[in-house]
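[1] fold the following and give me the result.
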Amino acid sequence: MHHTTTIDENLARGRRAIKRASIVVLILVITWFLTAFLSGSLGLLAKGIDSISDLIAIITVFLGLWLAQRDPDQKYPYGYFKAESLAALIVAVFIFVTGIGVLWQAIQRIFFPIELNFIDLALVVSIATIPVIFIMSWYLKKIGRETGSNAVYNKGQEFQMDILASVAVILGLVFALVGLPWVESIVGFIIGLLILRSSFQLAYESILILMDAGQDLEMINAIEQLALPILGVLGVHAIKLRRAGPICFGEMHLEVAGKTTVLQSHLLAEEISTRVKQAYPDVLSFLVHVEPVQPVTFRVAFPVDQAEATPGSNPSTHFGTTPYFLVMDIDKREIALWEVMPNPAAKESKQRGKNTANLLIDAKVEVVFADRMGETPLSLLRNHLIQVIQQNSRISCQNNLDAYLEDELPPLKAKVSTTLSN
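    Below you'll find the predicted structure:
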C-alpha cells in the first residue's frame, strides 16, 4: 500500500517549511547570543537558549516528517505517521527543560543584578528580529493548516509566542536604560513562564493525538450528511476518527436492508469511502462496517390482473405486460396502506419490462414480487437496491408477503424467454 499523492505532497511541503525555518532560527540564535554576550542581557540570553531548543525541535520535527513519509510495512501496517506527533512530544520536553533553565537564571539575576552594556545595540537587535519572527510564525502556521501537520503548526505557534517574548525583552531593556536593571530580570522570568506554558500545551496536544483522542465533531456530522442521502443507506452510526500526524483514519457502521446482497453492500461501502476521501483529502483510510437490519417500514409491489385487486388476491404471473400493481406500505410487519397502481408500460410495444421497472423505481418501491422477469428489468431494479423476490402465484399477495417476512421466498432469477419484457 502507498500513501496518496496529496499526503506525500503535504509531508514534503512540511519538510521544506521546517528546513527554511531552521536556517532562520540558526541566524537568530547566533544574533541573540552575540548580543547577549556583549550586553549581558538575560532577556536576550533567554531568547538565545529558547532558540537553541527551537533548533533542536525543528530538527526533531524534520526527522518526524521524514519518518512519516515511509510506506507501511509488516511491523507498522498503519504507517509511521504518528512519528510526527512523537517528535512534537519530544520537542515539548526540550522546551520544558529550557524554561526551567531560564527561570533559574532569572531568579538569580533578580537577587544579584548585574549592569548591562551596549543596551542600544540590544534594543536594535530585539526590535529588528520581531518582523522576522512574525513572518516565520505566519508562514509555518499557514503551511501547518494547509497540510494538516500538527508539528509544523505548533512551531508556528511557538514563533508567535516569541514575538511576545521579544516585546517583553524590549521593555526590560528600556527599564535598564533608565537605571532599573532588575526589571529586565523579571522580564526573563516571565519569558521562562511562557516557555513552560508552551511546553505544556504542545505536550497536551501531542498526547491527545498519540492516544487517538480529540474527535472532530464537526467533521463527524459532515460525514454523516455525506452518507445518509445515498440510495440504500438506512442509517449510519458509530463514526470514529483518529489522527496520526498529518493524516486521518476513520470508520463508521452502515445500516442496510437485511436482504441487501453482499455485492450491493460492498458497493455502498465503497461509495461512502470514496465520498469521504474526496471531501477530506487528509483521510487515508475510511473503513465501513455493514450492518444488515430489517426496515420497520418499507414498500412492496405485486403484479395483479384486476383494478379491484386486494391483498387477498393472487398475483399475476406476468411482469412487463401486467396491467396493474398492488402497492402496499408495510409498517412493523403489518399492511398499513395499499393501493392498485396502473402500469402504462403494459400497452407499449417495446421495452415494456424496462419501463415497468422504472415505474416501480419512481414509486419508491423497495421489494418487488414477480413470477418471472427478463435480465434487463431485473438488473435495473437491483442496481437501484430493490429486492426482487420469487413469488408463489398460487397463493394470495398477503400470503406471499407473510412468507417473505419469514424468509421463505428466494430471490428471483432472470428467465430468458421469447418475450423478455414479461
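[2] contacting residues around N355?
    Going by Cβ atoms under 8 Å, 6 or more residues apart in numbering, N355 touches G320, P344, A345, E348. C-beta coordinates here come from the backbone N, C-alpha and C atoms, glycine included.
[3] for P410, same thing?
    P410 neighbours (Cβ under 8 Å, 6+ apart): I389, Q390.
[4] list phi and psi for it.
    Dihedral pair for P410: phi -90, psi 170, per degrees, to the nearest 10.
[5] coming back round to it: top of the contacts of N355 by neighbour count?
    G320 (26 neighbours; other Cβ atoms under 10 Å).
[6] how close does that one sit to F298?
    G320 sits 23 Å away from F298, going by Cβ to Cβ, to the nearest Å.
[7] please apply the same query to N221.
    Applying Cβ to Cβ to N221 and F298 gives a distance of 27 Å.
[8] those two: which is more packed in?
    F298 (17 against 11).
[9] quick check, that one in contact with M328.
    No: using Cβ atoms under 8 Å, F298 is not in contact with M328, being 9.5 Å away.
[10] who's in contact with A336?
    Here A336 is in contact with T297, D329, I330 (Cβ under 8 Å, 6+ apart).
[11] now with 10 Å, please.
    T297, R299, M328, D329, I330 (Cβ atoms under 10 Å, 6 or more residues apart in numbering).
[12] most widely separated two among these?
    Comparing every pair within the contacts of A336 by Cβ to Cβ identifies T297 and M328 as the most remote, at 11.2 Å.
[13] burial count for L193?
    13.
[14] which residues in this protein form helices?
    Along the chain, counting by DSSP state H, helices occupy 5-39, 42-68, 83-111, 119-147, 150-177, 181-210, 217-227, 262-279, 352-362, 375-383, 397-405.
[15] out of those, which is closest to I335?
    With Cβ to Cβ as the criterion, I335 lies closest to helix 397-405 of the helices of the chain, at 7.5 Å.
[16] quick check: buried residues in that closest one?
    Residues C397, Q398, N400, L401, Y404 are the ones in helix 397-405 that count as buried (16 or more other Cβ atoms under 10 Å).
[17] and stretch 366-375, by the same measure?
    Using 16+ other Cβ under 10 Å as the test for burial, stretch 366-375 gives E366, V367, V368, F369, A370, D371, R372, M373, G374.
[18] so for stretch 284-291, what's the average pLDDT?
    Across stretch 284-291, pLDDT averages out at 89.
[19] kindly export it (C-alpha atoms) in PDB.
    Coordinates of each C-alpha in stretch 284-291 appear next as PDB, following Å, rounded to 0.1, in the frame of the first residue of the first chain:
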ATOM      1  CA  LEU A 284      -6.100   7.900   4.200                       C
ATOM      2  CA  SER A 285      -8.400   5.100   5.100                       C
ATOM      3  CA  PHE A 286     -12.200   5.000   5.900                       C
ATOM      4  CA  LEU A 287     -13.500   1.600   6.900                       C
ATOM      5  CA  VAL A 288     -17.200   1.000   6.600                       C
ATOM      6  CA  HIS A 289     -18.800  -1.800   8.700                       C
ATOM      7  CA  VAL A 290     -22.000  -3.100   7.100                       C
ATOM      8  CA  GLU A 291     -24.900  -4.000   9.500                       C
END
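[20] just how off-centre is it within its chain?
    Centroid separation between stretch 284-291 and its chain, computed with Cα atoms, centre = their mean, to the nearest Å, is 12 Å.
[21] on that earlier part again, and the contacts of A336, which are buried?
    Among those, those classed as buried by 16+ other Cβ under 10 Å are R299, M328, I330.
[22] between those residues, which is nearest G156?
    Relative to G156, the closest of those is R299; by Cβ to Cβ it sits at 55.7 Å.
[23] residues touching the closest one, list them.
    327-330, 336-337, 360, 363-368, 386.
[24] ok, back up a step: dump the contacts of A336 to JSON lines, plus distance to L217 and pLDDT.
    What follows is the contacts of A336, written out as JSON lines (distance: Cβ to Cβ, whole Å; pLDDT from 0 to 100):
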{"residue": "T297", "distance to L217": "30", "pLDDT": "84"}
{"residue": "R299", "distance to L217": "35", "pLDDT": "93"}
{"residue": "M328", "distance to L217": "41", "pLDDT": "96"}
{"residue": "D329", "distance to L217": "36", "pLDDT": "94"}
{"residue": "I330", "distance to L217": "36", "pLDDT": "91"}
